[in-house]
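# build the 3D model from these lines:
(chains A and B)
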Amino acid sequence: MKKYISFFRLRLVTGLQYRTAALAGMATQFFWGFMEIMVFHAFYEADPAAYPMTMEATASYVWLQQALLAFFGAWMFEGEIFDIINNGNLAYELCRPIHIYDMWFARSIALRLSRAALRCIPILTVAAFLPKGYGLELPASAQAFFWFIVSLSLGLLVMISLNMLVYVASLFTISGDGLKILFCSVVEVLSGQIIPLPFFPEHVQRILELNPFASTGNVPFRIYSGNLSGQQMYRAILVQFIWLIVLNVVGRMIGARGERRAVVQGG
Amino acid sequence: MKKKTSGLKLYLHYLAVVVKSAMQYKASFFMMAFGQFMVSFSVLIGVYYMFQRFSNVKGFTYSEVLLCFSIMLMEFTLAEIWARGFDTFPSMIRQGTFDRVLLRPRSEVLQVLGSKFELVRIGKVLQAIVMFVYGMTHVEVHWTAAKILTVVFMLIGGVGLFTGLFMIYAALSFFTLEGLEFMNMFTDGAREYGKYPFGVYGKRMLQITTFVIPYALVQYYPLLYLLDRTENDGFIFLPLLALWFLIPSYALWRYGVRKYQSSGS
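Residues are numbered from 1 along each chain as shown, chains lettered A, B, ... in the order given. Predicted coordinates:
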């Protein structure tokens, strides 16, 4: 366990070095967040009655999504992992007295945490000062905030477990590019990143909420604003937990098989 | 004149080489193409479900937004296909391969354009075409010669505008040596948000997209003409006005080339 933790710390410190990139990223995310909110406002004006969430909750959702993009952005893979599969350095990785699944997992947590750490506080702070309906609201209640944190952590782990599936599948296909791009487009729709899940028609939403991708950002962001509470909230967190276990069991199984038959490329 | 035709021939030759090399990895190629197709398709899904709930946005209906989205996507995709070399240009700088380009007796812009032609984008193109045809046929527009001309101008202006943006992205890397992530919001971001007419984003945004980076000239205003929201025939030619953007872009590129100091090994 200790070696994974020290590896995690190493990657975290490395990730924290990219400050200019973080600054540029923040500017981009502000812009995206702003545009997104303007669209939602335009639709709100068209027909407030048809609006499935309050405008304030939608704005909070958008800002949380932008600030925590590093947690749930589908395209955020560790490029190096694909590289070592592709160029044969996987051999070294397999020689080490570590489990590659666990190490890649630790590495992914570090990557996402370090990216988010640099970006989320400034974005959230500024967003909090924007006018009502455009900015980030306070959490619905202290209790909601507590469950938000719980669900956020679970969501991050689910997201990484999903990434892990792509990594271990690449052990079979060698080139991860095709898998990666397919994965991204699926995630964006099914996890409510394109439009929040409540905006889908009710019967579609009911099915979508059970998919593993919906167990990422969708749940914590909606708990935060109080859109998801009580019985429904507990159920959603339970679903997150179940997916976390299922995905990891499956991922490890595929990983173990892949390791056994991995072909080392290059030389 | 002779130089021009041989320049085109060289560009086509570049393409042939790239196509051949892509076909060496067929499985990966088809998966990527399908993935590319899915990426813009997912945006469409979002728009579709929003309009299942709301009948219009700032007076634009679903089919009108679809027309807007499809034209914007087509402009972007065409520009991306042919100007993709600019997109990967930062790595060319970093690895020092741009030095070789400078040594050859051909225009450096041409060589950069030809250096990267990604066939996998066929998925995107296919999607853009499907969307385009769908958008054009499903909107209740009474098509006249003037309107078709407007669409053609929109495509020309849009491709020019995006090419200019790609060129700026590449030119900036002369100074920073790496690609700047924030430029994405002007290219990918514009395609993404250009799915709705820029009037939707409020007055301030419309001013910026008219006078600073002229997206609205290739999207919002001509769209108003297509949808009979304006009688002003001058709107037909507005998209061509967006081509002014190529001037500062090219100037910046020239400036970069002149300032260029080699890097890499």
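# quick one, what contacts A:Ala214?
For A:Ala214, the contact set (Cβ atoms under 8 Å, 6 or more residues apart in numbering or on different chains) comprises A:Leu190, A:Ser191, A:Gly192, A:Leu197, A:Leu208. Every C-beta, even on glycine, is put in place using the N, C-alpha and C of the backbone.
# tell me which element whichever residue of the stretch 151-267 of chain A sits closest to chain B falls in.
Closest residue of the stretch 151-267 of chain A to chain B, Cβ to the nearest Cβ: A:Gly178 (2.7 Å). Assignment of secondary structure by DSSP states H and E places A:Gly178 within helix A:177-190.
# show me what that helix is packed up against.
helix A:142-173, helix B:26-53 (3 or more Cβ pairs under 8 Å, 6 or more residues apart in numbering or on different chains; DSSP states H and E).
# can I get those in TSV including mean neighbour count, mean pLDDT and distance to B:Leu73?
Listed next are the helices and strands packed on helix A:177-190 as TSV, based on neighbours: other Cβ atoms under 10 Å in any protein chain shown; pLDDT from 0 to 100; distance: least, Cβ to Cβ, whole Å:
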stretch	mean neighbour count	mean pLDDT	distance to B:Leu73
helix A:142-173	20	92	27
helix B:26-53	18	81	6
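# just to revisit the earlier point, give the contact list for the residue lying closest to the residue of the stretch 151-267 of chain A closest to chain B once chain neighbours are set aside.
Leaving aside its chain neighbours, A:Gly178 sits nearest to B:Met31 (2.7 Å; criterion: Cβ to Cβ, 6 or more residues apart in numbering or on different chains). With contact set as Cβ under 8 Å, 6+ apart, B:Met31 has these partners: A:Asp177, A:Gly178, A:Leu179, A:Ile181, A:Leu182.
# kindly provide the distance from B:Met31 to A:Ile181.
In this structure, B:Met31 lies at 8 Å from A:Ile181, with Cβ to Cβ, to the nearest Å as the measure.
# picking up where we left off before, nearest to B:Gly202, of the contacts of B:Met31?
Using Cβ to Cβ, A:Ile181 comes nearest to B:Gly202 of the contacts of B:Met31, at 33.1 Å.
# that closest one is in contact with B:Val39, isn't it?
Yes - if you go by Cβ atoms under 8 Å, A:Ile181 and B:Val39 touch, sitting 6.8 Å apart.
# strands of the stretch 1-150 of chain A, start to end?
Counting by DSSP state E, counting those that start in this stretch, no segments of the stretch 1-150 of chain A form strands.
# need the helices for it, in chain order.
A:2-15, A:19-46, A:55-67, A:69-72, A:79-87, A:90-95, A:100-128, A:142-173 (DSSP state H, counting those that start in this stretch).
# by how many degrees do the longest one and helix A:79-87 diverge?
Going back to what we said before, that points to helix A:142-173. Relative orientation of helix A:142-173 and helix A:79-87, computed by axes from the mean of the first three to the mean of the last three Cα atoms, to 10 degrees: 10 degrees.
# and helix A:142-173 with helix A:100-128, angle?
Using the same axes, to 10 degrees, the inter-axis angle of helix A:142-173 relative to helix A:100-128 is 140 degrees.
# from the chain's centroid, how far away is helix A:142-173?
Centroid separation for helix A:142-173 versus its chain: 6 Å, with Cα atoms, centre = their mean, to the nearest Å.
# now do it: which elements does it pack against?
Going by 3+ Cβ pairs under 8 Å, 6+ apart, helix A:142-173 lies up against helix A:69-72, helix A:79-87, helix A:100-128, helix A:177-190, helix A:218-224, helix A:230-261.
# highest mean neighbour count out of these?
Highest mean neighbour count among the helices and strands packed on helix A:142-173 (mean count of other Cβ atoms under 10 Å in any protein chain shown): helix A:218-224, with a mean of 27.
# out of the helices and strands packed on helix A:142-173, which is closest to A:Ala140?
helix A:218-224 (7.1 Å).
# export that closest one as CSV, just CAs?
Provided in CSV are the C-alpha atoms of helix A:218-224 (Å, rounded to 0.1, in the frame of the first residue of the first chain):
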residue,chain,number,x,y,z
ASN,A,218,-24.5,13.8,-12.2
VAL,A,219,-25.2,12.7,-8.6
PRO,A,220,-23.0,15.0,-6.5
PHE,A,221,-23.8,18.1,-8.6
ARG,A,222,-27.5,17.6,-8.1
ILE,A,223,-27.2,16.8,-4.4
TYR,A,224,-25.3,20.1,-3.9
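# quickly note the distance from B:Leu12 to A:Gly33.
Per Cβ to Cβ, B:Leu12 is found 43 Å from A:Gly33.
# comparing these two, which residue is more hemmed in?
Using other Cβ atoms under 10 Å in any protein chain shown as the criterion, B:Leu12 and A:Gly33 rank with A:Gly33 on top: 25 against 11.
# model confidence score at the closest residue to the more buried one other than its chain neighbours, please.
Excluding its sequence neighbours, the residue lying closest to A:Gly33 (Cβ to Cβ, 6+ apart) is A:Gln66, at 4.0 Å. pLDDT for A:Gln66: 91.
# same thing with B:Glu181?
69.
# what about B:Gly7, neighbour count?
B:Gly7 has 14 neighbours, counted by other Cβ under 10 Å.
# hang on, isn't it packed against B:Arg106?
Yes - with contacts counted by Cβ under 8 Å, B:Gly7 reaches B:Arg106, the gap being 7.2 Å.
# ok, the nearest residue to A:Phe40 once chain neighbours are set aside to chain B distance?
In space, and not counting its chain neighbours, A:Phe40 is closest to A:Thr58: 5.1 Å by Cβ to Cβ, 6+ apart. Taking Cβ to the nearest Cβ, to the nearest Å as the measure, A:Thr58 falls 12 Å from chain B.
# what's near enough to touch A:Thr58?
Counting by Cβ under 8 Å, 6+ apart, A:Thr58 has contacts A:Ile37, A:Phe40, A:Tyr51, A:Pro196.
# how many neighbours does the closest residue to the last one other than its chain neighbours have?
Once flanking residues are discounted, A:Pro196 sits nearest to A:Tyr61: 5.5 Å by Cβ to Cβ, 6+ apart. The burial metric for A:Tyr61, expressed as a neighbour count using other Cβ under 10 Å, is 25.
# nearest the geometric middle of the chain, what residue?
Went with chain A since none was named. A:Phe72 (1.7 Å; Cα atoms, centre = their mean).
# actually it's chain B I care about, not the one you picked
For chain B, B:Phe76 is the residue whose C-alpha lies nearest the centre (Cα atoms, centre = their mean; 2.5 Å).
# which residues does it contact?
B:Gly158, B:Phe162, B:Thr187, B:Ala190, B:Arg191, B:Gly194.
# run through the stretch 151-265 of chain B and note the low-pLDDT ranges.
Applying pLDDT under 70 to the stretch 151-265 of chain B flags the ranges B:177-181, B:263-265.
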